[in-house]
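Trainee: The amino acid sequence is not available; the structure is as follows:
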């Protein structure tokens, strides 16, 4: 009723068939193993737990249960003597033995998962509609977002993983997750359960090894039998030590340290190549404008304008809304006007990013309109190491030009601007949906 599970191991090194729908992944210490549902919990399974459950859409019994909050998912798993998986377990299960970007490989493929749909009404598909990954798990990306439980305090936001049917290559990667309120029961939220190994599980695994040893002996292979005996003895010893190693206090300390390390590593990856700005590194800013190649990786349909034909050219013809969406997809944001000017002036606080006096040779400024922008990073960097803050292209910032909040600000001037506008305080305006051939952007990240 509650679904077939697949047994996985953190740090796995090998697999052994133990049944049609159950796979044992073995390596390291038994205490690191865990079970995970092969598929998302279905409408039929959730109704068996809660007869009053009546999804507004996608009601077929084999569809994934949708409109499920974290609280409901946690209650379901607990009633089945299971639990929600952790983020680390979920990501390992998604990546498979090959540590892939997607469950099916390293390249996005909308034919191998329920992803990239244009309308929410397309909905998910019945569970197990696509080929499982190398662990035998179905629909880990696409179909519906899945809740996980990292032991946050009651009321704190919780993570969802995997993307849903309307999400594309960015959000359906194994490593992508979002933080949401545990009370939210969105139409594209579902879940699957996990379970830690019990002592009975470990005993059963040891018995399986003993049976394997007996078969080896029956086949007349004394050497294989001796190896199996040594393995069985080692696993029995590990199982005995595991009870003490899993004491609550030690487990909590390990989990806390691992989470802190994960957060530090994630922040380091997010700010790689960026420059710290302000006292005590108040925020980080991109070293140069977002390039054509960067934006095409986010939106493959993007086609640059006439002055941005190279992959290293600044991405132009980008509206304010598109710039905001790009930065958010990376966990970043557009700078405020004050942040942009602070990053432009650097530590010396000059009128221009390169100093206190206008010098057209220090940046792409004062050119004819048809000259166009230059590749990113070609202008003189300021003392923080940030380039092209003045000239090259205007840059969107997250601020309003007018009190009615209808016009958005751009800063820094373009290649066609001179002394008065191609400076750190230089500004102009445009409607949020406007796409200008002389306007691009860069992102910032808050210090954690």
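Mentor: It's in. Here the structure is a predicted model, which means the values were calculated and not measured. Numbering: from 1, shown residues only.

Trainee: Measure how buried residue 184 is and give me the count.
Mentor: Applying the criterion other CB atoms under 10 Å, we find 16 residues in the vicinity of residue 184. (Glycine included, C-beta is placed from N, CA and C.)

Trainee: Next one: it relative to residue 93, how far apart?
Mentor: 23 Å (CB to CB, to the nearest Å).

Trainee: Equivalent analysis for residue 145, please.
Mentor: Taking CB to CB as the criterion, residue 145 is separated from residue 93 by 15 Å.

Trainee: and the longest strand anywhere in the chain, which strands flank it?
Mentor: Ranked by residue count, the top strand of the chain under DSSP state E comes out as strand 394-400. Sheet pairing for strand 394-400, assigned by DSSP bridges, gives strand 408-411 (antiparallel), strand 439-440 (parallel).

Trainee: Give me the domain ranges for the chain.
Mentor: Recorded structural domains for the chain (assignment: automatic domain parsing) are 1-197, 271-448.

Trainee: Deepest-packed of the strands paired with strand 394-400, please.
Mentor: Stretch with highest mean neighbour count among those: strand 439-440 (a mean of 28; mean count of other CB atoms under 10 Å).

Trainee: Now do that one: distance to the chain's middle.
Mentor: Relative to the centre of its chain, strand 439-440 is centred 27 Å away, using CA atoms, centre = their mean, to the nearest Å.

Trainee: The stretch 101-250 of the chain: helices as residue ranges?
Mentor: Secondary structure of the stretch 101-250 of the chain by DSSP state H, counting those that start in this stretch: the helices cover 199-218, 222-245, 248-270.

Trainee: closest to residue 371 out of those helices?
Mentor: With CB to CB, the closest approach to residue 371 among the helices of the stretch 101-250 of the chain belongs to helix 248-270: 34.9 Å.

Trainee: Tell me which helix or strand comes right after the closest one.
Mentor: Where DSSP states H and E defines the elements, the next helix or strand beyond helix 248-270 is strand 274-277.

Trainee: Paired strands for that following strand, with orientation please.
Mentor: Using DSSP bridges, the neighbouring strands of strand 274-277 in the sheet come out as strand 283-286 (antiparallel).

Trainee: Moving C-terminal from the partner strand, which element do we reach first?
Mentor: Strand 283-286 is succeeded, C-terminally, by helix 292-298 (DSSP H and E).

Trainee: what residues does that next one touch?
Mentor: 170, 302, 304, 308-315, 318, 325-326, 329 (CB atoms under 8 Å, 6 or more residues apart in numbering).

Trainee: ok, 10 Å please
Mentor: By CB atoms under 10 Å, 6 or more residues apart in numbering, the residues outside helix 292-298 that reach it are 168-170, 286, 288, 290-291, 302-305, 308-318, 322-323, 325-327, 329-330, 375-376, 440-441, 443.

Trainee: go on, stretch 358-367?
Mentor: Identification of contacts with stretch 358-367 by CB under 10 Å, 6+ apart yields 314, 351-355, 371-375, 378-382, 387-393, 412-423, 426.

Trainee: What is the least confident helix or strand in the chain?
Mentor: For the chain, scoring each helix and strand by mean pLDDT, DSSP states H and E identifies strand 14-17 as the least confident one, at a mean of 36.

Trainee: circling back: how about the helices of the stretch 101-250 of the chain, which one is nearest residue 85?
Mentor: Ranking those by their distance to residue 85 (criterion: CB to CB) puts helix 248-270 first, at 13.6 Å.

Trainee: in stretch 309-324, what counts as buried?
Mentor: Neighbour counts using 16 or more other CB atoms under 10 Å place 313, 314, 315, 316, 317, 318, 319, 320, 322, 323, 324 of stretch 309-324 among the buried residues.

Trainee: Am I right that the first one is in contact with residue 388?
Mentor: No - between residue 313 and residue 388 no contact is recorded; they are 11.2 Å apart, counting by CB atoms under 10 Å.

Trainee: can you pull the buried residues of stretch 70-79?
Mentor: Result for stretch 70-79 [16+ other CB under 10 Å]: buried residues 70, 72, 73, 74, 76, 77.

Trainee: okay, now the nearest residue to residue 132 once chain neighbours are set aside: neighbour count?
Mentor: Leaving aside its sequence neighbours, residue 132 sits nearest to residue 138 (CB to CB, 6 or more residues apart in numbering; 4.9 Å). Here the count is done by other CB under 10 Å, and residue 138 has 21 residues near it.

Trainee: Report pLDDT for residue 138.
Mentor: At residue 138 the predicted local distance difference test score is 95.

Trainee: Next, the contact list for it, please.
Mentor: Listed by CB under 10 Å, 6+ apart, the contact set of residue 138 reads 6, 37-40, 64, 103, 113, 127-132, 192.

Trainee: measure it to residue 206 for me?
Mentor: From residue 138 across to residue 206, the span is 30 Å (CB to CB).

Trainee: Show me the shaky parts of the chain.
Mentor: Counting by pLDDT under 70, the chain contains low-confidence residues at 1-32, 220-223, 225, 231, 242, 245, 260, 279-281.

Trainee: burial count for residue 336?
Mentor: Counted with other CB under 10 Å, the burial measure for residue 336 works out to 15 neighbours.

Trainee: switch to numbering from 4
Mentor: All right, first residue 4 from here; so that's residue 339.
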